[in-house]
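Peer 1: Here is a sequence together with a model predicted from it:
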Amino acid sequence: MLPWVVRRTRLPLLSSRCVDCGSRSATTGEGRFRVNANGKLLDVWLLVRCVSCDRTGKVPVHERVPVRSLDPAELHGYRVNDPELVASTLLDPLVARRSRFTLDWAGAWLLEAPSPPLDEAWPVQVEVVFEDPVPLRPDRLIAQRLGLSRNECLRRIKSETSLRRPRSTRFTFTVLPMR
């Protein structure tokens with residue numbers, strides 16, 4: 001079985017409307033949090049910038065939560081702008097749903113896939129693993145990597161998962177020989 005791995009090369013852009021210029025893209029830039037204390041309550045925001053007008057916006061992570069309710073390691077991560085915490089916050093579907101944004105993964109991922117050995121017997125089985133939840137249509141991913149048209153891909157590829165629906169989780173497929 002050949003392993004294919006989908007890796008994130010950078011953080012994806014946020015698709016949300018800018019209040020100043022109306023642009024639909026924002027970035028986390030260097031990935032900074034803003035932690036604001038009000039007595040014993042904290043607000044934590046992920047700062048984002050519009051890619052067109054450079055206006056700074058805030059994505060709420062925690063609002064008016066007691067300090068003691070947060071894990072001390074997580075709170076320290078917010079204060080020092082931990083890149084891993086920025087990524088996990090940005091990729092959290094609950095944060096995205098609450099703040100009404102989607103992620104634009106265009107140009108933010110890379111497929112690491114070895115070529116199938118020519119001497120290997122057909123059919124060839126491939127397992128695709130995602131390190132981050134990059135939503136991709138399997139037929140497009142396979143067609144691009146193998147240099148096939150999407151129609152030929154649908155004829156030569158057998159899989160238990162739908163090839164036409166976006167996936168962001170592990171799947172396997174079999175490449176049949178040309179007829």
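Peer 2: Arrived safely, thanks for sending.
Peer 1: C-alpha from now on. contacts and neighbour counts both.
Peer 2: OK.
Peer 1: Just the CA coordinates for the lengthiest strand in the chain, please, in CSV.
Peer 2: Longest strand of the chain, by residue count under DSSP state E: strand 25-38. What follows is strand 25-38 as a C-alpha-only set of coordinates in CSV (Å, rounded to 0.1, in the frame of the first residue of the first chain):
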residue,chain,number,x,y,z
SER,A,25,-10.2,37.2,3.0
ALA,A,26,-8.3,37.6,6.2
THR,A,27,-5.1,36.1,7.6
THR,A,28,-3.8,35.4,11.1
GLY,A,29,-0.4,36.8,10.1
GLU,A,30,2.1,35.9,12.7
GLY,A,31,-0.7,34.4,14.9
ARG,A,32,-1.3,36.6,17.9
PHE,A,33,-3.8,36.4,20.7
ARG,A,34,-5.2,39.3,22.7
VAL,A,35,-5.9,38.4,26.3
ASN,A,36,-7.9,41.0,28.2
ALA,A,37,-8.7,40.8,31.9
ASN,A,38,-11.7,42.3,33.5
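Peer 1: Show me what that strand pairs with in its sheet, parallel or antiparallel.
Peer 2: Using DSSP bridges, strand 25-38 pairs in its sheet with strand 13-15 (antiparallel), strand 41-50 (antiparallel).
Peer 1: Would you mind measuring from the residue lying closest to residue 156 once chain neighbours are set aside to residue 141?
Peer 2: Using CA to CA, 6 or more residues apart in numbering and skipping residues adjacent in sequence, the residue nearest residue 156 is residue 176, 5.1 Å away. Counting by CA to CA, to the nearest Å, the gap from residue 176 to residue 141 is 16 Å.
Peer 1: Touching the longest strand of the chain from outside, list them.
Peer 2: Residues outside strand 25-38 that contact it (CA atoms under 8 Å, 6 or more residues apart in numbering) are 11-18, 42-52, 78-79, 81, 83, 86.
Peer 1: now do stretch 76-88
Peer 2: The contact list for stretch 76-88 (CA under 8 Å, 6+ apart) reads 11, 31-35, 44, 46, 74.
Peer 1: any idea which of the residues you listed is the one closest to residue 134?
Peer 2: residue 11 (10.6 Å; CA to CA).
Peer 1: Cross-check the contact I'm expecting between the closest one and residue 106.
Peer 2: No - at 10.3 Å, residue 11 and residue 106 do not qualify as touching, with contact defined as CA atoms under 8 Å.
Peer 1: neighbour-wise, which of these two wins?
Peer 2: residue 11 (21 against 9; other CA atoms under 10 Å).
Peer 1: Mind pulling up the pLDDT for the more buried one?
Peer 2: Note on residue 11: pLDDT of 92.
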